[in-house]
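Engineer: Based on what follows, work out the 3D shape:
(2 chains)
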Amino acid sequence: EAQVTQNPRYLITVTGKKLTVTCSQNMNHEYMSWYRQDPGLGLRQIYYSMNVEVTDKGDVPEGYKVSRKEKRNFPLILESPSPNQTSLYFCASSSRLYGAGEVYEQYFGPGTRLTVT
Amino acid sequence: SQQGEEDPQALSIQEGENATMNCSYKTSINNLQWYRQNSGRGLVHLILIRSNEREKHSGRLRVTLDTSKKSSSLLITASRAADTASYFCATDAVGGGSNYKLTFGKGTLLTVNP
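Structural biologist: Presented below is the predicted three-dimensional model:
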């Protein structure tokens, strides 16, 4: 089954304790992205990756790191989490890119609910 | 900055009625997409309309795009209780060859009452 998986689905942690949220897709997609969703603010892009070893900042990259060493995986790293990073996080992937700068339909993972105390 | 903004923020209708949601955006786009999200779950892609298209249909969904007004509408006909969800528009703004970003609005919460 074609899907995007995220782990863990729920995580409660403390301020400053490094964590990694994994994301994996089995559709051979080039494009992958991370979003956070907060009440009243909607969905905001954190980082995206065009392909292996190619990543770029989204709208809210501060406090996050990513890496793309393999095509299928795109982990999100919080080196020193803070309470303002408490949020619902989504990973997404997409295969088709039309021309310069166009993003096609995205497939979303089920989400990771992170609480930082 | 938020590119797409949906209107209304919330909409409540009876089963069988049509639901219309609107999206406005600020800059030129390559395409505009609509997604559905059931409470707390991942978003599901519904339909994509490109900047050179004016209308598109998919089942009970009809999407229009007016690039002169920088707006789009999503019409769900003959709504069902299962259509209850949040609906988001997302725009892929024209921003140069290396700017592959999809920007989402804050969503419209649709409630379809049985």
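
Engineer: Pull out the buried positions in stretch A:26-46.
Structural biologist: A:29-37, A:42-46 (16 or more other CB atoms under 10 Å in any protein chain shown). Heads up, the C-betas are built off the backbone N, CA and C, glycines and all.

Engineer: mind listing which of those residues are in strands?
Structural biologist: Counted as lying in strands by DSSP state E, out of the buried residues of stretch A:26-46, are A:Y31, A:M32, A:S33, A:W34, A:Y35, A:R36, A:Q37, A:G42, A:L43, A:R44, A:Q45, A:I46.

Engineer: re earlier: near chain B, which of the buried residues of stretch A:26-46 show up?
Structural biologist: Restricting the buried residues of stretch A:26-46 to those near chain B by CB under 8 Å from any CB of the partner chain leaves A:Y31, A:S33, A:Y35, A:G42, A:L43, A:R44, A:Q45.

Engineer: Now distance to B:D66 and pLDDT too, for those residues, in JSON lines please.
Structural biologist: Listed next are those as JSON lines, based on distance: CB to CB, whole Å; pLDDT from 0 to 100:
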{"residue": "A:Y31", "distance to B:D66": "28", "pLDDT": "89"}
{"residue": "A:S33", "distance to B:D66": "27", "pLDDT": "94"}
{"residue": "A:Y35", "distance to B:D66": "27", "pLDDT": "96"}
{"residue": "A:G42", "distance to B:D66": "22", "pLDDT": "87"}
{"residue": "A:L43", "distance to B:D66": "24", "pLDDT": "91"}
{"residue": "A:R44", "distance to B:D66": "26", "pLDDT": "93"}
{"residue": "A:Q45", "distance to B:D66": "25", "pLDDT": "92"}
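
Engineer: any chance of the residues you listed in CSV, plus distance to B:G4?
Structural biologist: Shown next, in CSV, are those (distance: CB to CB, whole Å):
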residue, distance to B:G4
A:Y31, 19
A:S33, 16
A:Y35, 14
A:G42, 9
A:L43, 10
A:R44, 12
A:Q45, 13
